[in-house]
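J.: sequence and predicted structure below; questions after.
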Amino acid sequence: MREPVELRRRRILAVVESRGAVKVSALAAELDVSVVTVRRDVEELARAGRLRRGHGVARPVRDPAGPPAVPAPRDDDPAGDGGAIALVVPERHSYLYETLHGARTVLEEAGIRIALHIAPQAAGAERPLVERALADGARGLLIAPRWRNALSEELDYGWLAEVGVPTVLMERRPRPGSALHALDSVCSDHWYGIHLAVDHLVSLGHRRIVLAARDDSPTARTVRAAFASVAEARPEVEDWTVVLSSPDAVPGPGPAEPGYEGGGAPRSEGDPLDLAALLRERGATAAVLHGDVDALMLVQRLAESGVQVPRDCSVVAYDDVVAALGSTPLTAVAPPKADIGRAAAELLLHRLSPAPGAAGPVRRTELLPELKVRGSAQAIAPDEE
């Protein structure tokens, strides 16, 4: 006689709650039913909020190591999944793609459907994507706006503050006192990342340091400001300067921003940075380079100019997306990109949870980067100081 569905599902719950994460294949073998049947049961139990599912695994709702329980599906939800989480990131942005995959891991383990939206490079591209996602029934939003300049950021403040569903900003920190100041956010502590880079170079005896950085994203602008602050505060640093790392590293006006001139360094006319000449001019022996692709290209140009890394110039890259892949693997500051996504997704699930305290105070979470030492920076010789 075939076992009643509800009894089989109670047995699944009992096994999962007693053992923690259990593979669907193991449940099928233990219950003597097909994997397809158990997978269907696990999906239904997850939709009802009675367990969580991941890739071929069923997990208990009350597992303290996992994300919180999420609401059961609405009766009027035709998809039966309580609505998707909209995830919005810029196109061609490998740094934030790592963040995206971190968020995806958490949401999939919680059995939550993801609606991914890739924003093109045009100014204001995120708003219509979010509006479409909300019209499709999205119940939460994870977003990393491009924000190439200060004006494009401010233009998003009004509508993004009024989306009407729980929202978490990823790797973005709005201007203090702005409409988004009281929005949940999770980002890297880039000041600390720059501190790690400068401290590493200073510990190796370097006293004259160049930062070649971008200026076309919130991260880039934070890195530039942090370097000026850290270098100015270190008495060991005798000279420092900030320059653009590539000709296209400065923000320009977009379709919604006619005539706007971005702040920071002036737009380059297209000539690549001659880092070798700048190092000679400043007497610098070390450089911090943001981001990774620009760093690898600058190191190549240094070699073409007869400047060897790390023999003639020590280098620390910032981002650590591809820094390790160069012919000279670069020491790099590595923001916790995937962990940012995971923490943001867990915070959003907390907001969606029916548990007491889910609507608690706004959270502005910062995670610390780490320094990956690979040998592109070395101690300076005594006669070079």
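T.: Sure thing, it's come through.

J.: the strands in the stretch 151-300 of the chain, which residues?
T.: Assigned by DSSP state E, counting those that start in this stretch, the strands in the stretch 151-300 of the chain fall at 167-170, 185-188, 208-213, 239-244, 286-290.

J.: so of these, which one's packed in deepest?
T.: Most buried of the strands of the stretch 151-300 of the chain by mean neighbour count (mean count of other C-beta atoms under 10 Å) is strand 286-290; its value is a mean of 29. C-beta: built from backbone N, CA, C; applies to glycine.

J.: summarise which helices and strands that strand is packed against.
T.: Using 3 or more C-beta pairs under 8 Å, 6 or more residues apart in numbering; DSSP states H and E as the contact test, the elements touching strand 286-290 are helix 190-203, strand 208-213, helix 218-233, helix 292-304, strand 314-318.

J.: and the shortest one, what does it pack onto?
T.: The elements that strand 314-318 packs onto, with contact taken as 3+ C-beta pairs under 8 Å, 6+ apart, are helix 190-203, strand 286-290, helix 292-304, strand 331-334.

J.: and among these, the most buried is which?
T.: strand 286-290 (a mean of 29).

J.: and the contacts of that one?
T.: When contacts are defined by C-beta atoms under 8 Å, 6 or more residues apart in numbering, strand 286-290 is touched by residues 194, 197-198, 201, 204, 206, 208-214, 220, 223, 227, 245, 275, 279, 295, 298-299, 313-319, 330, 377.

J.: now do stretch 18-36
T.: Applying C-beta under 8 Å, 6+ apart, the set of residues contacting stretch 18-36 is 3, 8, 11-12, 15-16, 37-39, 42, 54, 56-60, 63.

J.: how about stretch 298-310?
T.: Outside of stretch 298-310, the residues within contact range by C-beta under 8 Å, 6+ apart are 212, 245, 272-277, 279, 287, 289, 312-313, 315, 326-328, 330, 375-378.

J.: any stretches of the stretch 251-385 of the chain with poor pLDDT?
T.: Residue ranges of the stretch 251-385 of the chain with pLDDT under 70: 252-270, 356-357, 382-385.

J.: hey, where'd the helices end up in it?
T.: 275-282, 292-304, 337-352 (DSSP state H, counting those that start in this stretch).

J.: turn these into a markdown table, columns for distance to A182.
T.: Shown next, in a markdown table, are those (distance: least, C-beta to C-beta, whole Å):
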| stretch | distance to A182 |
| --- | --- |
| helix 275-282 | 42 |
| helix 292-304 | 33 |
| helix 337-352 | 13 |
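
J.: ok so, going back, for A144, find the nearest of the strands of the stretch 151-300 of the chain.
T.: With C-beta to C-beta as the criterion, A144 lies closest to strand 167-170 of those, at 4.4 Å.

J.: only the buried subset of the contacts of stretch 18-36, as a ChimeraX command please.
T.: Here is the ChimeraX selection string for the buried members of the contacts of stretch 18-36, based on 16 or more other C-beta atoms under 10 Å:
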select :8,12,15,16,38,39,42,54,57,58,59,60,63
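
J.: for the strands of the stretch 151-300 of the chain, give me CSV that also has distance to A345.
T.: Conversion of the strands of the stretch 151-300 of the chain to CSV gives the following (distance: least, C-beta to C-beta, whole Å):
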stretch, distance to A345
strand 167-170, 8
strand 185-188, 9
strand 208-213, 29
strand 239-244, 34
strand 286-290, 26
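
J.: these: which one's closest to R363?
T.: When these are ranked by proximity to R363 (C-beta to C-beta), strand 185-188 comes first, at 7.7 Å.

J.: run through the bridge partners of the spatially closest residue to A377 that is not a sequence neighbour.
T.: The shortest distance from A377 to any residue other than its chain neighbours is 3.7 Å, reached at S314 (C-beta to C-beta, 6 or more residues apart in numbering). Each beta-bridge partner of S314 is listed here: A286, as defined by DSSP bridges.
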